[in-house]
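Asks: Give the three-dimensional model of this entry:
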Amino acid sequence: MTAEPSSLEFLPRSTGSVLGFPAHEGRPGALGEVHSRPHPLVESPRVLVQLSFMTEGGSAVDHAVLSELSRRLGIAAPDRQARHHAMKWGQGTLRWERHTEFSTYLWEGPLDEGDRSHEESPFGNGFSPPGTVISGIRLEIRKWTPANGKLIATFDPTSLCYSLVEGGAAGIVTDFRQDGDGMTRILILDRGLTPARTGALSQRLIDIETYRTLAMLGLPMALSLSGRVRRIEDRLAQATREMKATETRDSQALLADLTELAAELEADAASSLYRFGASKAYDGIVRERLEALEEEVVTGYDTWAGFLKRRVAPAMRTCRSVEERQANLSRKLTRATTLLRTWVDVEVEKQNRDLLASMNNRARLQLRLQQTVEGLSVAAVSYYVVGLVGYIAKGASAIDHAFAPEIVTAAAVPLAVLLVWWGVRRVRRAHSESKLHAGE
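Replies: Coordinates of the predicted model:
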């Protein structure tokens, strides 16, 4: 086993310069990213044990675990911002890596040909898990000898996958089943691999099993959402049939139902957006790793790629199908809601038109009533004015008998009516002009 670095963490350095020219501030990160996850150098026989934990609590829980392990070893804990770290543990090395929603702890050490209890992995008593385990892998690297070749028979023949890789320099074996400890067993039979190629192959196989499990997390959600999407589809079909019945259609109630369906669908789509997107990304990583294996078929056995294509691909298609159904259903709900809202707007406009017509009728009636009242008011005011003129004429006749009061009163009647009518008309015109100026 070659000497291991004390840490896999990439530490950003100063931007520095290139041939004396100032370097971009993001250059160290861009250059260091390709070296941030180096393959371990592994010599056979060796065992790799990796546990993957879902860490919804963030990086703080991982830092607490690593701090405790570092304290037990008497070494410094990694930086809180680190995403990679490695430390010596017994005769092997413990590597930690932080991912988006999970973290991995990989211990690589000498393979005990007998009892596993003699292995010095850190996953014994005293190890505090940072979350729930999503994947557990035990990968053994052995020399390809007749005795080790017989270990292939210890795997489940119903799901056994066995193929040659690295140009025939190694055989990879697994059945994707879990042993008594809940670990997925993987066997590499080495027939002349270099430590670098052994480490790269080991990492590739571990990634396939880890990301395969993570990709399948989308399937339970897809199955649960499928029934809810079907129910929304049925309710939408029923609503559209009711929309066609113009005589009995209740547009307001239908619009409320469609709005409720749209809200429910969008809530489901939002809750599944990350999970479906993550499953798609994990499945892409699995396919990339399988293609990189460049497997050679061993007669009578399934290859890893062939087995996973039959078992994982249908689950991924189910996730994509539910996601597409949600998108299509959202578009249909939007169209139905838009159409129904248009009908509601037309009905409201009809109601507004009828209301305006009713208001116009009332205004005409009010105008007629006002004109009638004005005519009566002219007669009434004229009557009082003529009466006043009559009293004045009677008083004047008592002093001077040159004219008769009755003649004066009779002569004042048309003049009083004309003056009162003219005055009422001026008042009405003044009110009309003031309203017109106020409207402007």
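Asks: does residue 176 sit in a helix, a strand or a coil?
Replies: The three-state label given to residue 176 by DSSP: H, G, I helix; E, B strand; the rest coil is strand.
Asks: Now do the contacts for it.
Replies: Counting by Cβ atoms under 8 Å, 6 or more residues apart in numbering, residue 176 touches 159, 161, 184, 209, 212, 307. C-betas here are computed from N, CA, C, even on glycine.
Asks: again, 6 Å this time
Replies: The contact partners of residue 176, taken as Cβ atoms under 6 Å, 6 or more residues apart in numbering, are residue 159.
Asks: cool, residue 39 as well?
Replies: Residue 39 sits in contact with 199, 200, 203, where contact means Cβ under 6 Å, 6+ apart.
Asks: Now do the SS call for it.
Replies: Per three-state DSSP, residue 39 ends up coil.
Asks: my guess is residue 42 meets residue 198, correct?
Replies: Yes. Between residue 42 and residue 198 a contact is recorded at 4.5 Å, counting by Cβ atoms under 6 Å.
Asks: Neighbour count: these two, which is higher?
Replies: Between residue 42 and residue 198, counted using other Cβ atoms under 10 Å, residue 42 has the larger neighbour count: 28 against 23.
Asks: And that one, how far from residue 339?
Replies: In this view, residue 42 and residue 339 are 64 Å apart by Cβ to Cβ, to the nearest Å.
Asks: for residue 214, same thing?
Replies: For residue 214, the distance to residue 339 - Cβ to Cβ - is 42 Å.
Asks: more neighbours, the two?
Replies: residue 214 (23 against 13).
Asks: mind checking how far the helix or strand where that one lies is from the chain centre?
Replies: According to DSSP states H and E, residue 214 maps onto helix 195-215. Offset of helix 195-215 from its chain centre (Cα atoms, centre = their mean, to the nearest Å): 30 Å.
Asks: please begin residue numbering at 28 from this point
Replies: I'll keep to 28 as the first residue from here, and by that count the last item is helix 222-242.
Asks: buried set for it?
Replies: 222, 224-242 (16 or more other Cβ atoms under 10 Å).
Asks: Also stretch 71-83?
Replies: So for stretch 71-83, counting by 16+ other Cβ under 10 Å, buried means 71, 72, 73, 74, 75, 76, 77, 78, 79, 80, 81, 82.
Asks: State whether the second one and residue 136 are indeed in contact, as I suppose.
Replies: If I follow you right, that is residue 72. No. Distance between residue 72 and residue 136: 10.6 Å, which falls outside the contact criterion (Cβ under 6 Å).
Asks: neighbours of residue 209, just the number please.
Replies: Neighbour count for residue 209, taken as other Cβ under 10 Å: 11.
Asks: Now do it against residue 162, distance only.
Replies: Residue 209 is 10 Å from residue 162, by Cβ to Cβ.
Asks: before we move on, what SS does the closest residue to residue 162 other than its chain neighbours have?
Replies: In space, and not counting its chain neighbours, residue 162 is closest to residue 79: 4.0 Å by Cβ to Cβ, 6 or more residues apart in numbering. Classification of residue 79 by three-state DSSP places it in strand.
Asks: how about the helices in the stretch 178-327 of the chain?
Replies: 222-242, 245-271, 278-320 (DSSP state H, counting those that start in this stretch).
Asks: In JSON lines, list these along with distance to residue 397 and mean pLDDT.
Replies: Shown next, in JSON lines, are the helices of the stretch 178-327 of the chain (distance: least, Cβ to Cβ, whole Å; pLDDT from 0 to 100):
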{"stretch": "helix 222-242", "distance to residue 397": "81", "mean pLDDT": "94"}
{"stretch": "helix 245-271", "distance to residue 397": "47", "mean pLDDT": "90"}
{"stretch": "helix 278-320", "distance to residue 397": "39", "mean pLDDT": "91"}
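Asks: OK, contacts around residue 149?
Replies: 116, 121, 134.
Asks: Against residue 362, how distant is it?
Replies: Applying Cβ to Cβ to residue 149 and residue 362 gives a distance of 58 Å.
Asks: Next up, identify which helix or strand residue 154 is on.
Replies: Judged by DSSP H and E, residue 154 forms part of no helix or strand.
Asks: Now the phi/psi pair for it, please.
Replies: Backbone torsions of residue 154, given as degrees, to the nearest 10, read phi -90, psi 120.
Asks: and what of the one 4 residues further on?
Replies: Here is the backbone geometry of residue 158 (degrees, to the nearest 10): phi -180, psi -170.
Asks: And for the one 4 residues further on?
Replies: Taking degrees, to the nearest 10, you get phi -150, psi 140 for the backbone angles of residue 162.
Asks: Surely it and residue 240 touch.
Replies: Yes. Between residue 162 and residue 240 there is a contact under Cβ under 6 Å: 4.6 Å.
Asks: returning to what we had before: now the contacts of residue 149 as CSV including distance to residue 330 and pLDDT?
Replies: Output for the contacts of residue 149, formatted as CSV (distance: Cβ to Cβ, whole Å; pLDDT from 0 to 100):
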residue, distance to residue 330, pLDDT
116, 34, 87
121, 32, 92
134, 28, 92
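Asks: what's the closest of those to residue 258?
Replies: residue 134 (47.6 Å; Cβ to Cβ).
Asks: and the gap between that closest one and residue 226?
Replies: 14 Å.
Asks: Mean pLDDT per element in this protein, and the minimum belongs to which helix or strand?
Replies: helix 54-60 (a mean of 70; mean pLDDT, DSSP states H and E).
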